[in-house]
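In: My questions concern the predicted model and sequence given below.
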Amino acid sequence: KSFNYEDSVRFFGRDDDVERLYRDLKSTSGVLILTGTSGSGKTSIINAGLIPRLESENPDYYWSSETFSAISKSGGVLHYVLEQLNLAWHLKSKNIAVDDLHRQLVASITGGVAFLINVVKENTQPCFLVIDQLEEMLASSAQANEKIIVEFKTIQAIVEAFTSLDILLAIKSESLGRFLDCEAVVEPESSSVTSRLSAENWKAIIQQQAIFSGLSFEIKAGDASLDDLILSEAIHTQDSLSMLGFLLEQLYQKAIQRGSNTSLLVFSDYEQLGGLLGAVACRANELLKSNGADEGLVSEFYELFVGQTQGSGPFIKSVPITVIELVRPPLRKIIQNFIDSNLLIYIENSEHEPAVKFVHDRLLNKWPELKEWIEQSSDYLLWRNQIDQDFYSWQIAINTYEGNSADKGTEGNHYYWMYVSLKLWIKLENEDCQKKWQVYIDRKIVNAKESSIDVIDQTSYKAVIANVIRSDVLGNSRRDVCADESLLNNISLI
């Protein structure tokens, strides 16, 4: 969980990042972009570090910090900036209506900015505005539209016209390239948050936070201290900053459950949790429970982010945002909760698409419930991996087909899921296996946009088999397979 402005008194270990960001902000005459990896603490550094730093310099500093999604729901980027300027600079008292100013800027950026300069004195109250989690603008299958791009160009023109105004855009470093490609902001200055903290910074985060909260760490014989063990694990674990918060929270909860000496964090609780990653697993289970996820929904969630191969075993999958947008609402809610808690992180996959994945690959072994599910679902995951490979080959065949381009996507989707389900019935002769995979196929058929199959049975498949078997099965082109009775008698070819 990110630190808020009110948490500044207990925000430790990030002084270097705060001071670097402060210097970069003061040396920038336009929009400043702050980048950092998922879970690196950008929001905390801004709200609990930079803003109090600005206020210590000038108690009259006006500031506002909002996420892009919240801003989008309340009128958009330009509306947000103008509303805050109205509050900071008292535009209404100068007979400037925000809606009128908005219309002027939309009609002409140059003219609107010139009007604002003419009525607002330069020695006005200093104002600092933050648009956080800007990657939300890109975390959609839809590209940033022209209206949003123009709004960013407009606020850049405004901030460059007033030395008393600073605007900071915070975005995950994984998404920075795509944002810059939009050319919404021209040649912006940038600052960054380090993803690797020094031992001294980690020590301050762990020990000073504990002291502030009235907690202490158990010391074993030989002066082995629990905080030193946690420090060592944090230093040697990638993306461990957000994990540390989960661990300390879980250790404190266990201390409360013990009932005696609730301020002491002990080795036995740490070992029971399984360290940093074990605490992450506990937090993940809490999220699933709080969402009321039953066994089926949990399996659906695991299935989305975990795969398995015959040779290499289980692996963490990155899932494109375009796929997540199509899952049913209860699953999408769980995914968003995991993203908000930094248990799922944004990345750019090998196809240069925005995607999300579990925060750490080692969760495969450190999350007991997930590990058990993988062991129980091993055959299924191997089968799924083969199906995914078939789908990849199928997509290539569709893309290389030189027919009517309008039917490639929908027809391909339709035929692919018929092909998968047909292949399933033929491959799996065991009735129990058929029932087990029936749920999966039902879900896929329902989700297939152009699917017309209402009843899943072998008869319906035979009725459409001539349209289903394709080049990857028989070596023929998609359009050359005849509805021959011999094909119906040679199902074993699949």
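Out: Looks like it arrived, so ask away.
In: Residue 191 should be in a strand, yeah?
Out: Yes - according to DSSP: H, G, I helix; E, B strand; the rest coil, the state of residue 191 is that of a strand.
In: To what extent is it buried, counted in neighbours?
Out: Other residues near residue 191 come to 22 when the count uses other C-beta atoms under 10 Å. In short, each C-beta sits where N, CA and C put it, glycine included.
In: Against residue 193, how distant is the closest residue to it other than its chain neighbours?
Out: Counting by C-beta to C-beta, 6 or more residues apart in numbering, residue 191 lies nearest to residue 24, which is 3.9 Å off, once chain neighbours are set aside. The gap separating residue 24 from residue 193 is 11 Å, by C-beta to C-beta, to the nearest Å.
In: quick one: strands adjacent to the longest strand along the chain?
Out: Of all the segments assigned as strand in the chain under DSSP state E, the longest by residue count is strand 165-172. Paired with strand 165-172 in the same sheet, following DSSP bridges, are strand 32-36 (parallel), strand 127-132 (parallel).
In: Would you mind telling me which of residue 24 and residue 193 has the busier surroundings?
Out: With neighbours defined as other C-beta under 10 Å, residue 24 and residue 193 compare such that residue 193 has more, 23 against 17.
In: circling back to that earlier point, how about a markdown table for the strands paired with strand 165-172, with mean neighbour count added?
Out: Conversion of these to a markdown table gives the following (neighbours: other C-beta atoms under 10 Å):
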| stretch | mean neighbour count |
| --- | --- |
| strand 32-36 | 22 |
| strand 127-132 | 22 |
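In: could you dump these to a markdown table with distance to residue 160 and mean pLDDT?
Out: Below are the strands paired with strand 165-172 laid out as a markdown table (distance: least, C-beta to C-beta, whole Å; pLDDT from 0 to 100):
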| stretch | distance to residue 160 | mean pLDDT |
| --- | --- | --- |
| strand 32-36 | 12 | 94 |
| strand 127-132 | 14 | 96 |
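In: just checking, next helix/strand downstream of the helix or strand encompassing residue 70?
Out: Residue 70 is located in helix 68-73, with elements delineated by DSSP states H and E. Downstream of helix 68-73, the first helix or strand assigned by DSSP H and E is helix 77-89.
In: buried residues in that next one?
Out: Across helix 77-89, burial judged by 16 or more other C-beta atoms under 10 Å covers 77-86, 88-89.
In: coming back round to it: now the longest strand of the chain against helix 77-89, angle please.
Out: In terms of direction (axes from the mean of the first three to the mean of the last three C-alpha atoms, to 10 degrees), strand 165-172 departs from helix 77-89 by 140 degrees.
In: following strand 165-172, which helix or strand shows up next?
Out: For strand 165-172, the following helix or strand on the C-terminal side (DSSP H and E) is helix 173-181.
In: Quick one: residues in contact with that following helix.
Out: Residues external to helix 173-181 that are found in contact with it (C-beta atoms under 8 Å, 6 or more residues apart in numbering): 33, 35-38, 134-135, 137-139, 171, 190, 192, 346-348, 354.
In: chain center to it: distance?
Out: If you compare the mean C-alpha spot of helix 173-181 with that of the full chain, they lie 14 Å apart, counting by C-alpha atoms, centre = their mean, to the nearest Å.
In: again, but for stretch 331-351
Out: Stretch 331-351 sits 3 Å away from the centroid of its parent chain (C-alpha atoms, centre = their mean).
In: Could you do stretch 291-305 as well?
Out: The gap between where stretch 291-305 is centred and where its chain is centred comes out at 18 Å by C-alpha atoms, centre = their mean.
In: How many residues are close by residue 238?
Out: Under the neighbour criterion other C-beta under 10 Å, residue 238 is assigned a count of 12.
In: coming back round to it: give me the average confidence score over the helix holding residue 70.
Out: If you average the pLDDT over helix 68-73, you get 89.
In: Name the residues of it that are buried.
Out: Buried residues in helix 68-73, defined by neighbour count with 16+ other C-beta under 10 Å: 68, 71-72.
In: Can I get those residues in a markdown table including distance to residue 96?
Out: Formatted as a markdown table, the buried residues of helix 68-73 follow (distance: C-beta to C-beta, whole Å):
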| residue | distance to residue 96 |
| --- | --- |
| 68 | 26 |
| 71 | 21 |
| 72 | 24 |
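In: which one among those residues gets closest to residue 200?
Out: residue 68 (33.6 Å; C-beta to C-beta).
In: Looks like the closest one contacts residue 131 (just checking).
Out: Yes - in terms of C-beta atoms under 8 Å, residue 68 counts as a neighbour of residue 131; the distance is 5.7 Å.
In: Now the common contact residues for these two.
Out: Common neighbours of residue 68 and residue 131, using C-beta under 8 Å, 6+ apart, are residue 77.
In: related to what we said a few turns ago, check the offset of the longest strand of the chain from the chain's centre.
Out: Its chain's C-alpha centre lies 19 Å from the corresponding centre of strand 165-172 when counted by C-alpha atoms, centre = their mean.
In: can you map out the helices along the stretch 1-150 of the chain?
Out: Using DSSP state H, counting those that start in this stretch, the helices of the stretch 1-150 of the chain run over residues 15-26, 42-44, 51-57, 68-73, 77-89, 98-107, 109-119, 146-161.
In: worst average pLDDT in those helices?
Out: Note on these: helix 68-73 shows the lowest mean pLDDT, a mean of 89.
In: Tell me which other helices or strands that one touches.
Out: Packing partners of helix 68-73 (3 or more C-beta pairs under 8 Å, 6 or more residues apart in numbering; DSSP states H and E): helix 77-89, strand 127-132.
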